[in-house]
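Novice: Predicted model and sequence below, questions to follow.
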Amino acid sequence: MTDHQSKLDGRVAIVTGAGSSGPGVGTGKAISVLFAREGAKVLLVDKFEDRANETLRLIQSEGGTASVFGADLAEESSCQRIVDAAVARYGGVDILINNAAISNPRSILDTTSEMYHQIIAVNLTAPFMLSKAAIPVMIERGGGAIVHISSITAIRGQGGRGHTAYATSKAGLSGLMVDLADSFGKNGIRVNCILPGIIDTPMRTATIIQGGHDPKKLNLVSKVPLGIEGDAWDVARAALFLAGPDGRYLSGVLLPVDGGTTSTSH
């Protein structure tokens, strides 16, 4: 790939949840690989370093630049360390992708306080704290882009399948996005949300099984107007669009990547 084709040449990106949680390609892995292909230096953040190392090996095999940073996002103090590591290794931060998330598919009646606080800590508090740590660095560099990986569960019911704490955490990202986009646009910082729909990822498969369902028998694609299932690369391409130069005039946007699911009434 020649320089003029590289959309993120010279940019430094942090991607949380950069390793896949099982066989296949998760959104964090796809985003990291695609960003590296486009010239970014990527800090691969994951609680499980072995997972991030798989992503690293793929990036390095293609000649890209990346490194792994192991961190438990449930610990607020890890967020500043992540940003400090990006600055120390690559000189700054231009892009923050808040992708890491955990899920526990239960209704509110079956959700304990401990479950709720754990999900909020990783899915919402960590993006809050990472943004807080990254924004001053982005301001020094003349701007940047933050992309939260939310979910259509933030704006749409799941057919009676309880997902209360997860949906609450993802909806919170919308409020965080709106405030940051409004507050720091003057500093050249753009903030957007991607809302994935029916996406074939290891995490989605694990969540379906955890909820007591058989992924092969749960015909989710029937609810998608396009009649097809998305994959992690669909989310990655949307993230590249929002974080890169093609999205230069987009901020405060909720972008569903869902095959039209949110356009339906069922």
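Specialist: Received it, and whenever you're ready, just let me know what you need.

Novice: Can you list the low-confidence ranges for the stretch 151-266 of the chain?
Specialist: For the stretch 151-266 of the chain, the stretches flagged by pLDDT under 70 are 159-160, 203-220, 266.

Novice: how does it look with 50?
Specialist: Scanning the stretch 151-266 of the chain for pLDDT under 50 picks out the ranges 209.

Novice: Please enumerate the helices of it.
Specialist: Assigned helices in the stretch 151-266 of the chain, in chain order: 164-184, 202-210, 232-243 (criterion: DSSP state H, counting those that start in this stretch).

Novice: Mean neighbour count, the ones you listed: which tops it?
Specialist: Stretch with highest mean neighbour count among those: helix 232-243 (a mean of 23; mean count of other C-beta atoms under 10 Å). Heads up, the C-betas are built off the backbone N, CA and C, glycines and all.

Novice: hmm, who's touching that helix?
Specialist: 7-8, 13, 24-27, 29-31, 33-35, 38, 95, 97, 145, 147, 149, 190, 192, 194, 196, 199-201, 246-247, 250, 253, 255, 257 (C-beta atoms under 8 Å, 6 or more residues apart in numbering).

Novice: Give me the PyMOL select line for these, limited to the buried ones.
Specialist: Per 16 or more other C-beta atoms under 10 Å, the buried members of the contacts of helix 232-243 correspond to this PyMOL selection:
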select buried, resi 7+8+13+25+26+27+29+30+31+33+34+35+38+95+97+145+147+149+190+192+194+196+199+200+201+247+255+257
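
Novice: What ranges does the protein have for its strands?
Specialist: Ranges of strands in the chain, per DSSP state E, are 12-16, 41-46, 65-70, 95-98, 144-149, 189-196, 199-200, 230-231, 254-257.

Novice: Export those strands to TSV and append columns for distance to S113.
Specialist: Formatted as TSV, those follow (distance: least, C-beta to C-beta, whole Å):
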stretch	distance to S113
strand 12-16	25
strand 41-46	27
strand 65-70	28
strand 95-98	24
strand 144-149	25
strand 189-196	27
strand 199-200	29
strand 230-231	34
strand 254-257	29
